[in-house]
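>>> Next come a sequence and a model predicted from it.
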Amino acid sequence: MFGGTFDPVHVGHVVAASEARWALGLDRVLLVVAADPWQKRGDVVAPAADRLDLVRAAVDGIAGLEASDVEVARGGPSVTADTLEALGAPGRDLVLILGADAAAGLGTWRRAGDLPGLATLAVVERAVDGRVPDPSRGPVLGPAWTVERVAIPRLDVSSTDVRARVASGRPIHGLVPPAVAELIRTRGLYTRP
Ligand code: ATP
Ligand code: MG
């Protein structure tokens, strides 16, 4: 599971999901679109249905990467522990993939204490001098977690920057997959500052 607001999805998300799948030998990586990211209330711009369609466009044709509507279909606040429980099945090993910034904030999540029992944690991070920092040394990740570390190339792109670019008429080509740029344009998303 790779969760996010994806408002909108960008190439950093695609690279993180694809590197995690390859590095950890995962069958599938689900990009789970948050219905109501309660920590970002007021900051979410595009409706969940549009964010989901953007993620579908981003992963189209990429083996093993899938858009998931499990949280959008459920509605309400996005609680990752609930989602992992919904995704669970006998014989299925779940991995929660997080960017380093998201991992640093884990302690503030609802039901955070239940997470270590539900999934392995995979932190995708830029390698520094070829080595990935150890997230278990951080303030919130204790020994209760099984933590995998996945090195990814640093792509300094964020949804916030993509939205600001669209609103001010600057280009987003290369920062989001071409099909995502096209959907943003045809639906007129993010045009208001
Ligand atoms: P915003 O700018 O609105 O905060 P964002 O670009 O950080 O958006 P999110 O939907 O908040 O996107 O992030 C979903 C997940 O993707 C998080 O785990 C986050 O750490 C990770 N992520 C975000 N940007 C990148 C990036 N450039 N490279 C790798 N992982 C990323
Ligand atoms: Mg973010």
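Everything's here; your move. Numbering: from 1, shown residues only. Ligands and ions are numbered 1, 2, ... in the order given.
>>> Get me the contact residues on this protein for ligand 1.
Taking Cβ under 6 Å from any ligand atom as the contact definition, the chain meets ligand 1 at 4-7, 12-13, 16, 98-99, 101-102, 124, 155, 157-160. Heads up, the C-betas are built off the backbone N, CA and C, glycines and all.
>>> let's go with 8 Å and repeat that
Proximity of the chain to ligand 1, by Cβ under 8 Å from any ligand atom, involves residues 2-7, 9-13, 15-16, 34, 37, 40, 43, 97-103, 124, 152, 154-163.
>>> Any of those buried? List them.
For the residues of the chain next to ligand 1, a neighbour count by 16 or more other Cβ atoms under 10 Å gives the buried set as 2-7, 9-13, 15-16, 34, 37, 97-100, 102-103, 124, 152, 157, 159, 162-163.
>>> who's in contact with stretch 106-119?
Residues outside stretch 106-119 that contact it (Cβ atoms under 8 Å, 6 or more residues apart in numbering): 1, 38-39, 77, 79-82, 84-85, 88, 94-96, 98, 121, 139-141, 144-146.
>>> Ignore what I typed, I meant stretch 12-31.
Stretch 12-31 has contacts (Cβ under 8 Å, 6+ apart) with 1-4, 6, 9, 55, 58-59, 62, 64-68, 70, 87, 95, 97, 99, 122, 124, 148, 150-153, 155, 157-158, 177.
>>> Identify those among the residues you listed that sit within strands.
Taking DSSP state E as the definition of strands, the contacts of stretch 12-31 contribute 2-4, 65-68, 95, 97, 99, 122, 124, 148, 150-152.
>>> nearest to ligand 1, of these?
Nearest to ligand 1 out of those is residue 99 (Cβ to the nearest ligand atom; 1.9 Å).
>>> and the nearest residue to that closest one once chain neighbours are set aside, what does it touch?
Excluding the flanking residues, the one nearest residue 99 by Cβ to Cβ, 6 or more residues apart in numbering is residue 124, at 5.8 Å. Applying Cβ under 8 Å, 6+ apart, we find residue 124 in contact with 16, 19-20, 97-100, 150-152.
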